[in-house]
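**Q** fold the stuff below for me.
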Amino acid sequence: MKALIDHLKCTVCGVCEDVCPVSAIKVGETSAEVSDDCTLCGMCVDTCEFGAISLPEAGTGPAADLASYSGVWVYAEWRDGTVHKVSHELLSAGRKLADKRGVTLAAVLLGSNLGEDLSSELIAYGADEVYVVDRPELARFSDEAYANSVVHLVREKKPEILLAGATSMGRSFVPRVAAMLETGLTADCTELDISDEELLLQTRPAFGGNVMATIICPNKRPQMATVRPKVMKPEKKDGHQGRIIATALPEECFKSRIEVLEVIAERDQTAKLTEADVIISGGRGLRKAEHFALIEDVAQLFGGAVGSSRGAVEEGWIAPSHQVGQTGRTVAPTLYMAVGIAGAIQHVVGMQGSQVIVAVNKDPNAPIFDVATYGVVADLFEFIPAFSRRIRTERGEA
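**A** Alright, predicted model coming up:
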């Protein structure tokens, strides 16, 4: 599918060709033509003064059926007996959405030997109800069993909104859920809200982070979105009351063509990076891989993790598991220190939620200073060694 051109209205002014972010429009002598590269972003429609461009109409579901859906749901991810922090973040965001809609907020908890403490924890973060499916077949994650379970619950209870974390687990099985329910899914959202028309507004970076796209799903339910960890702020609701609902599902929900034989713990820096309170990141300004030793030294002093820009990863100076940004990991530590990083929007969207951002760059006009709490205009090869020595001196380690 692609944008449609009304050749009778087209004046070949060329504005649509100029604004198309993927160069899918070419203006000829008599009319504009749209290639298959079109992403249906709608920017050409918005800028055409003559109404010569339109988007193809998406399929619509029965309008009367939409009224039967109500409530906001959050898939509550947990691992090794601990609720994933993204579940706390989503429940806090979901609480605001549910309050705006005047509906209940529910969490869905799947697993085996689930203690009541997990459900109580979800209620403490705003859930009015917790649907618990406790089965031995769900002890280890599998796409089929988890997707089948969620789909059955959604078809039975009909929530209008379903949220999940954009974690490795969420990215794996939530698209399957959306496909089985024949509804839309917006991935990697950074902001959620309710429109005046009571639709879920799902905002995410698009076109390499240069555009923030807000997406709606007006004709299908539930409205589904995955949200990157660390972009929403968790808020515990002391004294909040809710109910735990033990839920039985048909046996066919737990059938899977895959048997999980072993779960191997993550051995790279990814988990450490996303959970760290302090992250020291390096970019192309380090010039070569050996200079990441400067970053590692500072990170060790703070007991933090080592991050990097996409540029440093592309140069082969550090493993992709350290990358922070739109195509890497979203982080929100107490302290984020960007060393030799220019501050491209793709990097900024992955760390702008940090409490304190310190930027070190010799270019005073570097975009990183626009988001920095504190900026140091200096040669990093002079500043970082001096900074490390000062810390050790203050601690009496020098």
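**Q** which parts of the chain are helices?
**A** 15-19, 43-47, 63-66, 85-101, 116-124, 143-157, 168-181, 270-275, 292-302, 310-314, 345-348, 380-395 (DSSP state H).
**Q** now the ones you listed as a markdown table including mean neighbour count, mean pLDDT and distance to Lys2?
**A** C-beta here means a position set from N, CA and C on the backbone, and glycine is covered the same way. Converted to a markdown table, those look like this (neighbours: other CB atoms under 10 Å; pLDDT from 0 to 100; distance: least, CB to CB, whole Å):
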| stretch | mean neighbour count | mean pLDDT | distance to Lys2 |
| --- | --- | --- | --- |
| helix 15-19 | 17 | 91 | 12 |
| helix 43-47 | 17 | 90 | 10 |
| helix 63-66 | 10 | 63 | 27 |
| helix 85-101 | 22 | 94 | 33 |
| helix 116-124 | 18 | 91 | 43 |
| helix 143-157 | 19 | 93 | 31 |
| helix 168-181 | 18 | 92 | 22 |
| helix 270-275 | 17 | 68 | 37 |
| helix 292-302 | 18 | 93 | 44 |
| helix 310-314 | 20 | 93 | 30 |
| helix 345-348 | 22 | 88 | 26 |
| helix 380-395 | 14 | 93 | 46 |
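**Q** need the strands for the stretch 251-398 of the chain, in chain order.
**A** Taking DSSP state E, counting those that start in this stretch as the criterion, the stretch 251-398 of the chain carries its strands at 278-282, 305-308, 335-339, 356-361, 374-377.
**Q** quick check: mean pLDDT across the longest one?
**A** It stands for strand 356-361. Per-residue pLDDT over strand 356-361 has a mean of 96.
**Q** what residues sit buried inside that strand?
**A** Residues Ile357, Val358, Ala359, Val360, Asn361 are the ones in strand 356-361 that count as buried (16 or more other CB atoms under 10 Å).
**Q** I'd like the helices of the chain laid out as JSON lines, including distance to Gly242.
**A** Listed next are the helices of the chain as JSON lines, based on distance: least, CB to CB, whole Å:
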{"stretch": "helix 15-19", "distance to Gly242": "48"}
{"stretch": "helix 43-47", "distance to Gly242": "43"}
{"stretch": "helix 63-66", "distance to Gly242": "26"}
{"stretch": "helix 85-101", "distance to Gly242": "11"}
{"stretch": "helix 116-124", "distance to Gly242": "4"}
{"stretch": "helix 143-157", "distance to Gly242": "15"}
{"stretch": "helix 168-181", "distance to Gly242": "23"}
{"stretch": "helix 270-275", "distance to Gly242": "27"}
{"stretch": "helix 292-302", "distance to Gly242": "38"}
{"stretch": "helix 310-314", "distance to Gly242": "41"}
{"stretch": "helix 345-348", "distance to Gly242": "37"}
{"stretch": "helix 380-395", "distance to Gly242": "46"}
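**Q** apart from its chain neighbours, what residue comes closest to the residue nearest in space to the middle of the chain?
**A** Of all residues in the chain, the one closest to the mean position by CA atoms, centre = their mean is Arg228, 2.2 Å from it. Distances taken as CB to CB, 6 or more residues apart in numbering place Thr330 nearest to Arg228, at 4.3 Å, with adjacent residues excluded.
**Q** backbone phi and psi for the one you found, please?
**A** phi -90, psi 130 (degrees, to the nearest 10).
**Q** show me what contacts the residue lying closest to Cys253 once chain neighbours are set aside?
**A** Leaving out its chain neighbours, the residue that sits closest to Cys253 by CB to CB, 6+ apart is Asn148, at 4.3 Å. Contact partners of Asn148, counting by CB atoms under 8 Å, 6 or more residues apart in numbering, are Glu252, Cys253, Phe254, Lys255.
**Q** try Met224
**A** Met224 is in contact with 161-164, 174, 177-178, 181, 183-186, 217, counting by CB under 8 Å, 6+ apart.
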